[in-house]
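Visitor: only geometry, no sequence info:
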């Protein structure tokens, strides 16, 4: 793959760099709660006003319709400017819900929700995982019984990021009585203010409450909020996860190169030392992740499972970089809140978005054609 940016590409990069230099907030994002919501929505509103919101969305729906190459350029400049993390409480709306509505939603659903997402007026969370249905999503049991023009929802979801501050939820439920596995599911827009919803935040080992469990007790959702067709939610859900695994995490992948450079500057290792060799290896791996991100984004025709390769490599490298940071900092880690926080958060990387084991199964079975793992 050959990358030869033209004059227009270089002009775009310079415009992005200049805008970010003048607009990236100096104050760090609050860790959780309503303060983090206000910070994230303010930043998204500023991006929208500057013409930098919904860059991958089609122009017909308020986005910019950028090519994957331009999108990568934007994210390279974004992480270079140390802009706020893209994995904040706006992530699900911009990278899951919005693109899914564009692909599968009704015109009424698009007209109501898409402007609110782009302009920084609503937060979404995801309601997929359950206590007994995490990596094996098809075993979910939360039900939606059809009652007239409504679905009546009962059950529980868990690990729903930002559910405590969200306005809406992309909710996957079982709507066809007696259905099994992938059949009979529905993807539904759930208004988080509806009666019967209880949200209980979960504090993680980094000390923040990004996750929550959500309980549904006879929650009534109009059938007009089903996305992609009643009982066909698995197809819609795979559309959602396809966005996550292909382009949604670009900034996170590219950010590893910035983080390792920050760590090298902090460590200032002696040439030829064991630490210098270790950091050089990590720098090379981060460069490889960057190259893989380009290949995944620009490859035509796209293959559906390339994202699993990048996701797995990224998750494990992120953990190695942050373990190296703890070794570099030593006792100073106890007073360096940012690196310690990121180190503790990095443990979730091989779980979130499909565990490392699931990603390896996808790569083995669907890319390499190896025999399927025995199913119970």
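Guide: Looks like it came in fine. On a predicted model such as this, the values are computed, not experimentally measured, just so you know. Residues are numbered from 1 along each chain as shown.
Visitor: Can you list the low-confidence ranges for the stretch 1-150 of the chain?
Guide: 1-4, 135 (pLDDT under 70).
Visitor: for it, what spans make up the helices?
Guide: 7-23, 33-49, 68-80, 91-92, 98-104, 107-118 (DSSP state H, counting those that start in this stretch).
Visitor: Okay, buried residues for the strand ranked longest in the chain please.
Guide: Counting by DSSP state E, the longest strand found in the chain is strand 211-222. Neighbour-count burial for strand 211-222, with 16 or more other Cβ atoms under 10 Å as criterion, is recorded at 211, 212, 213, 214, 215, 216, 219, 221. From N, CA and C alone the C-beta is placed, and that goes for glycine too.
Visitor: ditto for stretch 345-354
Guide: 345, 346, 348, 349, 350, 352, 353, 354.
Visitor: Residue 250 and residue 70: what is the separation?
Guide: 12 Å (Cβ to Cβ, to the nearest Å).
Visitor: which of the two has more neighbours?
Guide: residue 250 (25 against 19; other Cβ atoms under 10 Å).
Visitor: residues in contact with residue 98?
Guide: 54, 57, 113, 114, 117, 118 (Cβ atoms under 8 Å, 6 or more residues apart in numbering).
Visitor: Next, format the residues you listed as a markdown table and append distance to residue 315 and neighbour count.
Guide: Below are these laid out as a markdown table (distance: Cβ to Cβ, whole Å; neighbours: other Cβ atoms under 10 Å):
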| residue | distance to residue 315 | neighbour count |
| --- | --- | --- |
| 54 | 26 | 26 |
| 57 | 26 | 20 |
| 113 | 30 | 21 |
| 114 | 30 | 22 |
| 117 | 27 | 28 |
| 118 | 29 | 22 |
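Visitor: From those, pick the one nearest residue 40.
Guide: residue 117 (12.2 Å; Cβ to Cβ).
Visitor: What is the neighbour count of residue 140?
Guide: 23.
Visitor: what's near enough to touch it?
Guide: 128, 130, 133, 172, 173, 174, 185.
Visitor: What is the burial count for the third one?
Guide: Counted with other Cβ under 10 Å, the burial measure for residue 133 works out to 18 neighbours.
Visitor: and the contacts of residue 140 as a markdown table, adding distance to residue 94?
Guide: Shown next, in a markdown table, are the contacts of residue 140 (distance: Cβ to Cβ, whole Å):
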| residue | distance to residue 94 |
| --- | --- |
| 128 | 17 |
| 130 | 25 |
| 133 | 25 |
| 172 | 19 |
| 173 | 23 |
| 174 | 28 |
| 185 | 24 |
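Visitor: Closest one of those residues to residue 29?
Guide: residue 128 (24.8 Å).
Visitor: since we're on the nearest residue to that closest one once chain neighbours are set aside, how many residues are nearby?
Guide: Closest residue to residue 128 apart from its sequence neighbours, by Cβ to Cβ, 6 or more residues apart in numbering: residue 172 at 5.0 Å. Residues near residue 172, counting by other Cβ under 10 Å, number 27.
Visitor: Use 239 as the first number for this chain going forward.
Guide: Fine by me, first position is 239 from now on; the one you just mentioned is residue 410.
Visitor: how close does residue 410 sit to residue 476?
Guide: Distance from residue 410 to residue 476, by Cβ to Cβ: 11 Å.
Visitor: Tabulate the buried residues of strand 449-460 in JSON lines, adding columns for distance to residue 497.
Guide: Shown next, in JSON lines, are these (distance: Cβ to Cβ, whole Å):
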{"residue": "449", "distance to residue 497": "23"}
{"residue": "450", "distance to residue 497": "27"}
{"residue": "451", "distance to residue 497": "31"}
{"residue": "452", "distance to residue 497": "32"}
{"residue": "453", "distance to residue 497": "37"}
{"residue": "454", "distance to residue 497": "38"}
{"residue": "457", "distance to residue 497": "41"}
{"residue": "459", "distance to residue 497": "41"}
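Visitor: residue boundaries of the strands in the protein?
Guide: Using DSSP E, strands in the chain cover 362-365, 381-385, 388-395, 406-412, 423-429, 435-440, 449-460, 464-465.
Visitor: most neighbours per residue, which of these?
Guide: Ranked by mean neighbour count, these are led by strand 362-365 with a mean of 28 (mean count of other Cβ atoms under 10 Å).
Visitor: Show me how far that strand is from its chain's centre.
Guide: 11 Å (Cα atoms, centre = their mean, to the nearest Å).
Visitor: quick one on the thing from earlier: which among the buried residues of strand 449-460 gets closest to residue 554?
Guide: residue 449 (21.5 Å).
Visitor: can you pull the pLDDT of that closest one?
Guide: Residue 449 carries a pLDDT value of 91.
Visitor: Surely it and residue 443 touch.
Guide: No - with contacts defined as Cβ atoms under 8 Å, residue 449 does not count as touching residue 443, sitting 11.3 Å away.
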